[in-house]
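Visitor: No letters, just coordinates:
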Ligand code: F6P
């Protein structure tokens, strides 16, 4: 497994001791249970200030610390390379380009050089792990577009690679703005398999290649041949470990965490509760949500004093001007609604800009009468699925942006256009007035969907597709997969 974000970060506490935390990353959350089930090595950038102190002589550490299940191999990038690769090209270039939230992408030649350099450093680390043998490499996300081609060439074809793209892929007109498009697409076509969340992103990718490169694009078979090498392009909607979340949801630890929330924010007691949890990112539509809530209070003064909204916004990529501007916009929107409507004993919105562990997040899911995901654009959005998995009581309402991949599956959510403030306000009203029976019917259907299409099925489908590349004569086993658990696949 290769990703930029590592699944476990070691960092120093103020008192000098070391803690190991899980990052706020849907990608890392989804892939951790897969690695626990399969074992293997996960290659990722070391980002914590105690990461170097916790690895062995090969830069590896077994994780999770309490019950080791796989090896984490950390790769070190010098700050200059990290700046250009991660902050620059990946998150000021590709991220806004692919999300189309009207934040203009920045394409700096020096960032592109750093991006290439980081991909090369990762290629060397992966080849070292493969140790001259055959290996199946599963690459994550937009940080590593050049890695597949590098691995193919540097390994002399010994490496089979699958790549999953966790964010949207734009249409070909949008992609044309990327200055080094040919090189980037050529890198991705070093893969044997390329996965997106939804069919629409696959189509966009095929259309992009068709326009930009010399390659044979077979749209019916969803395959691209370039230089004699075939890349299959397939949709694999990612998911979560439903059973694990479902079990944890009813644990005494989560019950205790719910009590802690009520002690920490006593204003929640006896009031309706709304909640959202995400990274503080402009693609998540946090200011729009707060404006929607403000509009709701304007329209429904009878709700003043009766509803509290808890917004967890985990600081992210905060060296970047676009993220600092978003942070200021969130602060401003929250201050405004609280000043406008708050009273001596009621605060409409609690904004918590801090990292929370899985127990606290699940406890908040369980306390919420409604949960809001109003991303302006999101490849999937796993938090929506986590909310559903946590509601074994079959209560609570999900308000979900129609611009998320998740909205294609969670059709029982209240769907909103996140740009339409009025729609957000109406959705909040509908959520608060939805009968218990209706909540139960909708939640039950959504839970069935997530339980069935869980992350193991996602991984199984991907692995099956990979195995078929190695053994093309095997009969189509999609139907078999419907009945088989991950281990058998
Ligand atoms: O899912 C998209 C993604 O960029 C992941 O790759 C990443 O782990 C997550 O969002 C969080 O972002 P970051 O790793 O930049 O903190």
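Guide: Alright, I've got the coordinates. None of the values given here were measured: they were computed from a predicted structure.
Visitor: and the residue sitting furthest away from the middle of the chain, what pLDDT?
Guide: Taking C-alpha atoms, centre = their mean, the residue of the chain most remote from its mean C-alpha position is residue 344, at 38.0 Å. Per-residue confidence (pLDDT) for residue 344: 96.
Visitor: which residues of the stretch 301-450 of the chain fall in helices?
Guide: 321-341, 358-367, 382-390, 421-433, 436-452 (DSSP state H, counting those that start in this stretch).
Visitor: Just say which of the ones you listed is most tucked in.
Guide: helix 382-390 (a mean of 27; mean count of other C-beta atoms under 10 Å). For every residue, glycine as well, the C-beta is placed using N, CA and C.
Visitor: Give me the below-cutoff pLDDT ranges for the stretch 101-250 of the chain.
Guide: Within the stretch 101-250 of the chain, no stretch has pLDDT under 70.
Visitor: quick one on the thing from earlier: which among the helices of the stretch 301-450 of the chain is found nearest to residue 218?
Guide: helix 436-452 (30.5 Å; C-beta to C-beta).
Visitor: which helices and strands does the closest one pack with?
Guide: Helix 436-452 sits against helix 242-249, helix 382-390, strand 397-401, with contacts defined as 3 or more C-beta pairs under 8 Å, 6 or more residues apart in numbering; DSSP states H and E.
Visitor: by how many degrees do it and helix 382-390 diverge?
Guide: Here helix 436-452 runs at an angle of 110 degrees relative to helix 382-390 (axes from the mean of the first three to the mean of the last three C-alpha atoms, to 10 degrees).
Visitor: Quick one: mean pLDDT over helix 436-452.
Guide: Helix 436-452 carries an average pLDDT of 98.
Visitor: quick check, the helix or strand where residue 463 lies touching the ligand?
Guide: If you go by DSSP states H and E, residue 463 is part of helix 455-470. No - Helix 455-470 stays clear of the ligand (C-beta under 6 Å from any ligand atom), getting no nearer than 13.8 Å.
Visitor: I'd like the numbering to begin with 32 instead of 1 from here.
Guide: That works, and once the first residue is 32, the last one we named lands at helix 486-501.
Visitor: Could you check how far the nearest residue to residue 164 once chain neighbours are set aside is from residue 162?
Guide: Spatial nearest neighbour of residue 164, excluding adjacent residues (C-beta to C-beta, 6 or more residues apart in numbering): residue 189 at 7.1 Å. Distance of residue 189 to residue 162, computed by C-beta to C-beta, to the nearest Å: 11 Å.
Visitor: Who are the contact partners of the residue of the stretch 332-481 of the chain found nearest the ligand?
Guide: Going by C-beta to the nearest ligand atom, the ligand is nearest to residue 347 of the stretch 332-481 of the chain, at 5.2 Å. Applying C-beta atoms under 8 Å, 6 or more residues apart in numbering to residue 347 gives the contacts 55, 310, 311, 312, 354.
Visitor: Please name the nearest non-neighbouring residue to it.
Guide: Spatial nearest neighbour of residue 347, chain neighbours left out: residue 310 (3.9 Å); criterion: C-beta to C-beta, 6+ apart.
Visitor: Thought residue 345 was touching that neighbour, still the case?
Guide: Yes - between residue 310 and residue 345 there is a contact at 5.0 Å, judged by C-beta atoms under 8 Å.
Visitor: Residues that sit against both of those two, list them.
Guide: residue 55.
Visitor: Write out the residues of this protein neighbouring the ligand.
Guide: So the chain meets the ligand at 36, 56, 57, 58, 59, 172, 197, 198, 310, 347, 348 (C-beta under 6 Å from any ligand atom).
Visitor: mind putting those in a markdown table, secondary structure and distance to residue 292 included?
Guide: Output for those, formatted as a markdown table (DSSP: H, G, I helix; E, B strand; the rest coil; distance: C-beta to C-beta, whole Å):
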| residue | secondary structure | distance to residue 292 |
| --- | --- | --- |
| 36 | coil | 27 |
| 56 | coil | 23 |
| 57 | helix | 22 |
| 58 | helix | 27 |
| 59 | helix | 24 |
| 172 | coil | 32 |
| 197 | coil | 29 |
| 198 | coil | 31 |
| 310 | strand | 20 |
| 347 | coil | 22 |
| 348 | coil | 27 |
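Visitor: And stretch 329-348, what's buried?
Guide: 331, 334, 336, 338-345, 347-348 (16 or more other C-beta atoms under 10 Å).
Visitor: For residue 343, see how far away residue 384 is.
Guide: 8 Å.
Visitor: I misspoke; the intended subject was residue 411.
Guide: 19 Å.
Visitor: for residue 277, same thing?
Guide: Counting by C-beta to C-beta, the gap from residue 277 to residue 343 is 21 Å.
Visitor: does residue 104 count as helix, strand or coil?
Guide: Of the three states, residue 104 takes strand under DSSP: H, G, I helix; E, B strand; the rest coil.
Visitor: just checking, it touches residue 160?
Guide: Yes - counting by C-beta under 8 Å, residue 104 does reach residue 160; the two are 6.1 Å apart.
Visitor: shared neighbours of these two, anything?
Guide: 72, 74.
Visitor: now residue 45, what's its secondary structure?
Guide: Taking three-state DSSP, the label given to residue 45 is coil.
Visitor: what number of residues lie near it?
Guide: Applying other C-beta atoms under 10 Å, we find 5 residues neighbouring residue 45.
Visitor: ok, the closest residue to residue 50 other than its chain neighbours - how many residues close by?
Guide: Excluding the flanking residues, the one nearest residue 50 by C-beta to C-beta, 6+ apart is residue 44, at 5.6 Å. By other C-beta under 10 Å, 9 other residues sit near residue 44.
Visitor: And residue 141, by the same measure?
Guide: Neighbour tally, residue 141, other C-beta under 10 Å: 12.
Visitor: hang on, it in a helix?
Guide: Yes - according to three-state DSSP, residue 141 belongs to a helix.
Visitor: OK, contacts around it?
Guide: By C-beta under 8 Å, 6+ apart, the residues touching residue 141 are 115, 119.
Visitor: So it versus residue 219, what's the distance?
Guide: On the measure of C-beta to C-beta, residue 141 and residue 219 end up 22 Å apart.
Visitor: likewise residue 420?
Guide: Noted for residue 420: a distance of 32 Å to residue 219, by C-beta to C-beta.
Visitor: same deal with residue 408?
Guide: Per C-beta to C-beta, residue 408 is found 20 Å from residue 219.
Visitor: Right, I'll call it a day here.
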